[in-house]
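Trainee: Kindly generate the corresponding structure for this input.
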Amino acid sequence: MTSFQAEPGDAAPPDSVHPRDSSPQAPTSISRLNETIRDFVQKWGAVWVDGEITSWNLRGGNVFGRLKDTRTDAALSFRLWSSTLQRLPADLRSTLGVGARVVACVKPDYFIKTGDFSFTVSAMRHTGLGDQLEALERLRATLRAEGLFDPSRKRPIPFLPHMIGLITGERSDAEKDVHRNAELRWPHVRFRTIHAAVQGERCVPETIAALKTLDADPDVDVIVIARGGGDPQTLLGFSDERLLRAVAAATTPIVSAIGHENDHPILDDVADLRASTPTDAAKKVVPDVSEQRALVAQLRSRARTRLTQRLSHDITQLEQLRSRPVLRDPESLLTPRAHELWTLVSRGRDQTSRRLDGAHRDIASLQASLRALSPGATLDRGYAIAHLDGGVIIRDAAQAEPGAAVVVTVARGSFAARSDGEVAESEHPDAQP
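Mentor: Predicted coordinates for the structure are as follows:
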C-alpha cells in the first residue's frame, strides 16, 4: 500500500480515494472498502462442493446453515433463499437437515452492510447421511433396541422438589435462566449446581462426574442438565454413549434441557423428561406458586359452591317434605287406619262368634245323634247286653247253654248270671198277655 503526505487543501474526499491509496490522513470509508471487496468477490464463479450439513436454521422461509468437509474440519456458511428452496423437489426438501450429506452449487457473496462473507446456494442434491449422523443413528437404534427410550422406564418428576441438582456451564446463560425462572415460580426453591464443560473433550467426563455426585446426594430430588443453544457440532457430547448410559443408570429423575427447540441430542430420548430450553426446564420442574394458589382458591370456591348448592337443595327437599299434609298432621294418616283396623277387628270378632256358635250347635247335634245311636241310650231304657266269658255277645238263646256263665251289662254296671237254658216265648219277661 502506498502512503503519501497530503498538503492542507490538497486532500481528496475520503470516498474518492481507492483503498490501495488510503493513508491515515486520507482514509477510505468502510462502505467503500466493502464495495471493493464485494466487486472482487462477485468476479468469482460458482462451484460444486461436497459436505455434511452441520447447521440448518429456517428463518422467514430462508435457510441459514453450515457445511462441513467430510474429510477435514473445514467448514463454510451458506444461505439458501426461499425461492431456491421451493424449486427443489419435495422429496429432497424433506430429507435435508442436520447430518445430511449433500453436494451444493455455491457462489461466494459479501454483504456490504455487515461485512459478512457467505456462500449462496443455487442448487443442492442429497447424497446420503453424513458419517457423523450415520454413527449417531446407529447408536440411537442400539439404545432404542435396548429399551432405553421406553416410556415405561421413565421416572416421574416430583411435584415440588426440595432441592434441584443442576449441571451446566460456569457463568452460562442457561444457569441464569434456570435459576431466574425457577425462583420466579417458587421463591423458596433450592439448587445444588455443579459446573461442567458443555462442549469439547471435557464435556462428557465432567458431566458424568457431576451426574454421579448429584445422583449420590439424597437431598437432590431431580437433576437438570442444561446448555444454551449451539451448533449441532458443539452438542455432540450430549449424544455420547458413555453419558447416555450413565443417565440411564441414575436413580434420580433427570431432565434434559439442551439447546433450543429444534436441537435434539440423544440425551433427550434417554432422560426422564425433555425440556426444549433451560427456561422450559425450570417451568416443568418447579410449579408456579401463583398458579397453585389460584388452583387452590378455585378448588375451594368450587367446593364451597358445590356444598352450598347441596345444602340449598337438601333444605328445599326438606321444606317440601315438611309441607306435605301427612307431616303437618301425622295423626291424619293414622286415624283412618285406626278406624279401618277397628272395623276389621269387629268384623273378625263377629265372624268368629258366629262360627263358634255354629260349631257349638253342630257339636250338640252330633252329640245327640251319637247319644241316640249309642248302646248306652238303649241300656237306659231298661235293656241289657249279655255276653259269654269270652266277650261274645249272646244274640241267640241257643248260645247260652244250661249252666253257662253269663255276664249281663245294664245301664249302670254289670253282673254275673248262670244260664238255665233256653225258655219258652211265653215265659219271657217281656211277654205280656
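
Trainee: Please count neighbours and contacts with C-alpha atoms only from this point.
Mentor: Noted.

Trainee: Give me the residue ranges of the stretch 1-150 of the chain where confidence is low.
Mentor: Along the stretch 1-150 of the chain, the parts satisfying pLDDT under 70 run over 1-21, 91, 128-133.

Trainee: can you pull out the strands in the stretch 151-300 of the chain?
Mentor: 164-168, 191-195, 222-227, 254-258, 273-274 (DSSP state E, counting those that start in this stretch).

Trainee: Just give me the neighbour total for residue 256.
Mentor: Using other C-alpha atoms under 10 Å, residue 256 has 28 neighbouring residues.

Trainee: Pick the most buried one from the strands of the stretch 151-300 of the chain.
Mentor: For the strands of the stretch 151-300 of the chain, the largest average neighbour count (mean count of other C-alpha atoms under 10 Å) is found in strand 254-258, namely a mean of 29.

Trainee: Packing partners of that strand?
Mentor: With contacts taken as 3 or more C-alpha pairs under 8 Å, 6 or more residues apart in numbering; DSSP states H and E, strand 254-258 sits against strand 222-227, helix 267-270, strand 273-274, helix 278-285.

Trainee: switch the cut-off to 7 Å
Mentor: Here strand 254-258 touches strand 222-227, strand 273-274, going by 3 or more C-alpha pairs under 7 Å, 6 or more residues apart in numbering; DSSP states H and E.

Trainee: Any chance of those in TSV with distance to residue 394 as columns?
Mentor: As requested, the helices and strands packed on strand 254-258 are exported to TSV (distance: least, C-alpha to C-alpha, whole Å):
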stretch	distance to residue 394
strand 222-227	125
strand 273-274	124
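
Trainee: Save the ones you listed as CSV, and put in distance to residue 298 and mean pLDDT too.
Mentor: Converted to CSV, the helices and strands packed on strand 254-258 look like this (distance: least, C-alpha to C-alpha, whole Å; pLDDT from 0 to 100):
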stretch, distance to residue 298, mean pLDDT
strand 222-227, 29, 94
strand 273-274, 29, 93
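
Trainee: any chance of the strands of the stretch 151-300 of the chain in JSON lines, plus distance to residue 344?
Mentor: Below are these laid out as JSON lines (distance: least, C-alpha to C-alpha, whole Å):
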{"stretch": "strand 164-168", "distance to residue 344": "85"}
{"stretch": "strand 191-195", "distance to residue 344": "88"}
{"stretch": "strand 222-227", "distance to residue 344": "83"}
{"stretch": "strand 254-258", "distance to residue 344": "85"}
{"stretch": "strand 273-274", "distance to residue 344": "82"}
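
Trainee: Helices of the chain, residue ranges please.
Mentor: Using DSSP state H, the helices of the chain run over 30-41, 82-87, 90-95, 131-145, 173-185, 203-215, 241-249, 267-270, 278-285, 289-322, 325-328, 331-373, 375-380.

Trainee: Check those for me and report the most buried one.
Mentor: Counting by mean count of other C-alpha under 10 Å, helix 267-270 has the highest mean neighbour count of these, with a mean of 25.

Trainee: Nearest to residue 136, out of the strands of the stretch 151-300 of the chain?
Mentor: Distance to residue 136, taken as C-alpha to C-alpha, is lowest for strand 254-258 among those, at 16.5 Å.

Trainee: Great, nothing more from me.
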